[in-house]
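1. quick check, what structure comes out for this input:
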Amino acid sequence: MVDMDFLKDIVKEIGNEYTQLASDIDETEGFVDTGSYIFNGLVSGSIFGGVSGNKITAIAGESSTGKTFFSLAVVKNFLDSNPDGYVLYFDTEAAVNKSLLKSRGVDLNRVVVINVVTIEEFRSKALKAIDIYLKKDTDERKPCMFVLDSLGMLSTEKEITDALNDKQVRDMTKSQLVKGAFRMLTLKLGQANVPLIVTNHTYDVIGAYVPTKEMGGGSGLKYAASTIIYLSKKKEKDGKEVIGNIIKAKTHKSRLSKENKTVEIRLYYDERGLDKYYGLLELGEIGGLWKNVAGRYEMNGKKIYAKQILAEPETYFTDEVMQALDEIAQKEFSYGEN
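-> The predicted model follows:
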């Protein structure tokens, strides 16, 4: 027979507010809607889900794949969905300024941009911010999200000191510092229910048997992130003008959905950000909800071009259709589904 009094005494004596019996653990998974139904499906297995609400999500890709613009689109949607929420944006490239945020439709009064140069500085400021957040009473904590853009540009204090002393040596402690920073942050973020989006660069692995991409910065982020998405892109034009990117997103690692799944999402260069409905037509076609005949989709007994459907999404993507699409997404992206 289990001595429940003993277990409760253990929790009381050696624990804190985050120590509890396994039977009391709340398994409710919180999500941050990214603003793209198809991307939500890719990372969570549901078009109504999103990235994890209290864990680390890494967005990786080569230079100019739109990682910053993608992150800002998620930030905009997070703030739009949470009128009392706010974002701490750790900027390592001095690339995020007032005009950029304004052009993306981001509420300037609810974003704090924090310039960081070293891994140690990011670790210290991020942990300090979470501690301030955790000191608030639970009912006073408003929705909050952290963004680090980007990990690859962070230096170390040793690297800077060596450069000032004109030492041409590689800092071998960098990957250990990254690992240590994320090790400390992972638990704190979970306790605070604060999501962290980290952008990072990828590079081609030399000597690989097949073309392979790898994420920079050592193994620290790979282990700490619950989700890692690789991005690649192609520009989208309206006539001769480039209006945005069609981004190919692939799950490299995911705790909630199948790995090595790929979707295409549309990212505009203006305040529209991520196209909410782009990719759903292809998802419906995969699930047999409709057919694509010579570029036109058979819906409601009519053959309609994709451009027309996406121009009036609410007309065609009814609640009933969205529910059917979510069931297809679960089969396509969730673990344990065929």
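2. from T68, how far out is N97?
-> 12 Å (Cβ to Cβ, to the nearest Å). Placement of C-beta: from N, CA and C, glycine included.
3. higher neighbour count, those two?
-> Using other Cβ atoms under 10 Å, the more surrounded residue of N97 and T68 is T68, with 20 against 10.
4. what's near enough to touch the more buried one?
-> For T68, the contact set (Cβ atoms under 8 Å, 6 or more residues apart in numbering) comprises E93, A95, V96, D149, S150, T199.
5. how about 7 Å then?
-> Contact partners of T68, counting by Cβ atoms under 7 Å, 6 or more residues apart in numbering, are A95, D149, T199.
6. with L127 instead?
-> By Cβ under 7 Å, 6+ apart, the contact set of L127 is M184, L185, K188.
7. tally of neighbours for the residue lying closest to D131 once chain neighbours are set aside?
-> The spatial neighbour of D131 that comes closest, neighbours along the chain excluded (Cβ to Cβ, 6 or more residues apart in numbering), is K188 at 7.8 Å. By other Cβ under 10 Å, 18 other residues sit near K188.
8. over to E62?
-> For E62, the neighbour count with other Cβ under 10 Å is 15.
9. could you do T199 as well?
-> Residues near T199, counting by other Cβ under 10 Å: 25.
10. how close does the spatially closest residue to L221 that is not a sequence neighbour get to E282?
-> Distance criterion Cβ to Cβ, 6+ apart; nearest residue to L221, sequence neighbours excluded, is A58 at 5.6 Å. Distance, A58 to E282, using Cβ to Cβ: 25 Å.
11. hmm, back to that, my guess is the residue nearest to L221 meets I228, correct?
-> Yes. Between A58 and I228 there is a contact at 4.5 Å, judged by Cβ atoms under 7 Å.
12. and E320, that's in a helix?
-> Yes. Using DSSP: H, G, I helix; E, B strand; the rest coil, the assignment for E320 is a helix.
13. in this structure, which strand is the longest?
-> strand 241-254 (DSSP state E).
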